[in-house]
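Undergrad: one predicted model, sequence on top.
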2 protein chains.
Amino acid sequence: MGVKRKTKSVKKLLKIFGQTNSAISAVKLAEDLHQEMNKTTVYRILERLEDEGTLHSFIGKDGLKWYANNEKDSAPYHSFAHPHFQCKSCGKTECLTMDIDIPPVPKYKIDSIKLLFIGECDDCAS
Amino acid sequence: MGVKRKTKSVKKLLKIFGQTNSAISAVKLAEDLHQEMNKTTVYRILERLEDEGTLHSFIGKDGLKWYANNEKDSAPYHSFAHPHFQCKSCGKTECLTMDIDIPPVPKYKIDSIKLLFIGECDDCAS
DNA sequence: AATTTAATGCACCTTAGTTGCAATAACAAA
DNA sequence: TTTGTTATTGCAACTAAGGTGCATTAAATT
């Protein structure tokens, strides 16, 4: 560790993420770039760019790691949703007094988040 | 495939999940049970129990597969919501490839979680 | 008890991601 | 521009999660 160097490989990755707000899996990147750089390099640069705050990552539904641009204007970096609870039996709906932390959403410009918990209220459960 | 058999191994897994509402990773189960049964057996039974609706699974933040009791009356120890995105202009809706970690909700029995991101899709934004 | 076939164990495989180390290439300084 | 320093890379080998093919075992049925 010391001074970070902006190598060709780093620039290449930055260019790719600079051109899209879509999330891209590490596997896909390593595949696409394998003529230009080693997969190890891809993984290491992704880790570095995430550490530096340029990218963020998440685990997709199949267990693969995905990366996406972390620019402030591309997606809300952090938002909180106020969940509502609705009883499936009587339909009673109420606002819960908790905030759910919603991580950055790649690719889309989000205006609002609807978060609904469906279950059974105390009255109906007894 | 044919008639499902309730073997010792299946009973053992059912007993474990019958005693807790916590989620358990497949890795942990395979480790804990490795004197009693092969890891392949563990994975196969977990898959079967999920297919049958007894368990449900999700991918944890480190990419490991977790399983938990699917009984309706059990409070979710941890749940993950699969968000959908809906365009406010054209109505196009799609499944996002990320899981949102929903912390345990006190007081309520939650059956399912609906998480909807509302915004504007690429087509409508341009 | 004999028969059928689902479930299991085992060995081996696949794939994502990581690590150690020698070779290479940024970058700074001369 | 050349030289020296060291961050970065490529490579090969590794780890760990999870899956597969097949011969063997053991539920369930007769």
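TA: Great, that's in hand.

Undergrad: identify each buried residue in stretch A:21-34, please.
TA: A:21, A:23-26, A:29-30, A:33 (16 or more other C-beta atoms under 10 Å in any protein chain shown). For every residue, glycine as well, the C-beta is placed using N, CA and C.

Undergrad: quick one: it near chain B?
TA: Yes: if you take C-beta under 8 Å from any C-beta of the partner chain as the test, stretch A:21-34 does meet chain B, through residue A:23.

Undergrad: before we move on, back to that, closest to residue B:11 out of the buried residues of stretch A:21-34?
TA: Set against residue B:11, the nearest of these by C-beta to C-beta is residue A:25 (38.6 Å).

Undergrad: need the contact list for the closest one.
TA: A:60, A:64-67 (C-beta atoms under 8 Å, 6 or more residues apart in numbering or on different chains).

Undergrad: what parts of chain A come near chain B?
TA: Contacts of chain A with chain B, taken as C-beta under 8 Å from any C-beta, map to A:23, A:58-66, A:81, A:83, A:85, A:88, A:96, A:98, A:100, A:102-103, A:105, A:107-122, A:125.

Undergrad: where does pLDDT dip in chain A?
TA: Low-confidence segments of chain A (pLDDT under 70): A:1, A:61, A:71-79, A:91-95, A:97-99, A:106-107.

Undergrad: among the buried residues of stretch A:21-34, which two are most distant?
TA: Taking C-beta to C-beta, no two of these sit farther apart than A:21 and A:30, at 20.5 Å.

Undergrad: each with direction, which strands does the strand of greatest length in chain A pair with?
TA: If you go by DSSP state E, chain A has its longest strand at strand A:109-120. Strand A:109-120 has its sheet partners listed here by DSSP bridges as strand A:84-87 (parallel), strand B:109-120 (antiparallel).

Undergrad: so after the last one, what's the next helix or strand?
TA: Right, the one you point to is strand B:109-120. Going down the chain from strand B:109-120, the next helix or strand is helix B:122-125, by DSSP states H and E.
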